[in-house]
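Novice: I'll drop the sequence and a predicted model, then ask my questions.
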Amino acid sequence: MKVAHIILVHNKPLQLKRLLQRLEHANAKAFVHLDRKCNLEDYAFLETHPFVDLISDRQNVTWGGFSIVKAIMAAILQIIKSPVKYDYINLISGQDYPLKSPEAFLSFLEKNPGKVFMEYHLPGHSWLEEAKERLSLYHLTDFKFKGSTRLERVINFFLPPQKMPAGFMFIGHSGWFTLDWESAAYVVDFFEKNKSFIWKFKWSWGSDEILIQSILYNSPLQHKMVNNNLRYIDWSEGNVSPKTLTIADQQKLLTTDCFFGRKFDMDIDENILNYLDQIEYNEATDQL
């Protein structure tokens with residue numbers, strides 16, 4: 001069992017270094033996508049890191065933009081083309097952190113071969129109803145310039161809404177997932193063979209929470225999908241971004257079945273990361 005971790009990174013190099021240390025395993029590899037806005041000098045340690053492959057096709061990522069999908073797909077494509085065949089591809093961000101050991105994650109995947117883990121809502125759910133305008137309206141999220149917001153309003157006033165293919169069912173919610181090799185290869189092939197369809201999403205907002213999930217749901221591989229992304233994410237604050245987890249969340253993180261938590265920030269609370277590291281150490285000690 002081999003796992004490729006895609007890590008989307010745009011800041012916090014020291015936290016990334018710590019994350020890599022926690023993920024490192026003989027049967028795993030980290031494929032790091034550095035936002036094109038990153039100062040490469042801050043991440044020089046990655047160039048000689050034996051556990052890391054850097055994604056060569058770096059994207060200038062904007063939150064909510066199609067550029068996130070492009071970054072994800074650049075990483076998946078590089079993994080698919082690598083000489084090593086990975087059984088699973090796991091997508092996380094640089095502010096995620098493992099809640100269990102690499103061995104526990106690999107063991108779980110070995111017991112669930114060929115499954116796809118992603119969280120999604122089906123048509124009729126209020127989240128999807130609210131997300132319709134993400135796809136139908138034109139968004140200039142990746143093309144920010146002075147007056148872009150006003151231009152966006154003008155475009156949507158004069159142009160009709162984008163039409164999506166009839167019979168294609170859209171699902172979505174969380175953008176983080178764990179794919180098996182077959183599903184990842186299918187998504188790459190779909191992007192290559194359906195460029196006019198994919199092009200429509202260039203003007204969408206938040207398509208990383210919809211597109212890849214929907215492609216798989218409308219495919220012959222739908223039966224592989226498990227509606228669980230294996231992540232602990234706290235949306236209790238009601239913001240557009242999840243709560244930053246701290247030491248106050250330690251009991252919830254200790255008892256969850258999830259393998260990863262998001263999100264963490266060493267500048268806000270490093271104690272929670274110290275706690276999670278110590279828990280793993282104690283578990284390893286107990287097994288000796």
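Specialist: Here it is on my side, so go on. Bear in mind the structure is a predicted one, so any value in this text is a computation, not a measurement.

Novice: next, the distance between the ends of stretch 21-37.
Specialist: 24 Å (Cα to Cα, to the nearest Å).

Novice: report the distance from it to the chain centre.
Specialist: Offset of stretch 21-37 from its chain centre (Cα atoms, centre = their mean, to the nearest Å): 13 Å.

Novice: now stretch 74-90
Specialist: 15 Å.

Novice: and if you look at stretch 203-222?
Specialist: The answer for stretch 203-222 is 13 Å, by Cα atoms, centre = their mean.

Novice: just checking, Leu73 touches Asp189?
Specialist: Careful, residue 73 is Met and not Leu. No: using Cβ atoms under 8 Å, Met73 makes no contact with Asp189, being 11.6 Å away. Using the backbone N, CA and C atoms, a C-beta is placed for each residue, glycine as well.

Novice: and the two? Which one has more around it.
Specialist: The residue with more neighbours, out of Met73 and Asp189, is Met73; 19 against 12, by other Cβ atoms under 10 Å.

Novice: check what pLDDT the more buried one gets.
Specialist: Note for Met73: predicted pLDDT of 98.

Novice: what is the burial count for the residue nearest to Met225 when sequence neighbours are not counted?
Specialist: Spatial nearest neighbour of Met225, excluding adjacent residues (Cβ to Cβ, 6 or more residues apart in numbering): Val116 at 4.8 Å. Residues lying near Val116 (other Cβ under 10 Å) number 26.

Novice: wait, what's in contact with Val116?
Specialist: Contacts were defined as Cβ atoms under 8 Å, 6 or more residues apart in numbering; by that measure Val116 touches Phe177, Thr178, Leu179, Asp180, Ser183, Leu216, Leu221, Lys224, Met225, Val226.

Novice: buried subset of those, written for ChimeraX?
Specialist: Those of the contacts of Val116 that count as buried under 16 or more other Cβ atoms under 10 Å are selected in ChimeraX with:
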select :177,178,179,180,183,216,221,224,225
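
Novice: and the contacts of Val116, which of them are in helices?
Specialist: Among those, the ones falling in helices (DSSP state H) are Ser183, Leu216.

Novice: what is the most widely separated pair among the contacts of Val116?
Specialist: Thr178 and Leu221 (14.0 Å; Cβ to Cβ).

Novice: circling back: make a markdown table out of the contacts of Val116 and add pLDDT and distance to Gly94.
Specialist: Below are the contacts of Val116 laid out as a markdown table (pLDDT from 0 to 100; distance: Cβ to Cβ, whole Å):
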| residue | pLDDT | distance to Gly94 |
| --- | --- | --- |
| Phe177 | 98 | 17 |
| Thr178 | 98 | 17 |
| Leu179 | 98 | 19 |
| Asp180 | 98 | 24 |
| Ser183 | 98 | 24 |
| Leu216 | 98 | 25 |
| Leu221 | 98 | 29 |
| Lys224 | 98 | 28 |
| Met225 | 98 | 26 |
| Val226 | 98 | 25 |
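
Novice: quick one, helices of the stretch 151-288 of the chain?
Specialist: 181-193, 195-199, 211-217, 250-255, 271-287 (DSSP state H, counting those that start in this stretch).

Novice: the protein: strands as residue ranges?
Specialist: 3-9, 28-34, 52-54, 88-93, 97-98, 116-121, 172-180, 225-227, 231-233, 260-262 (DSSP state E).

Novice: pretty sure Trp205 contacts Ser67?
Specialist: No: Trp205 is beyond contact range of Ser67, at 11.4 Å (criterion: Cβ under 8 Å).

Novice: what's the end-to-end length of stretch 246-253?
Specialist: 10 Å.

Novice: again, but for stretch 97-113
Specialist: 23 Å.
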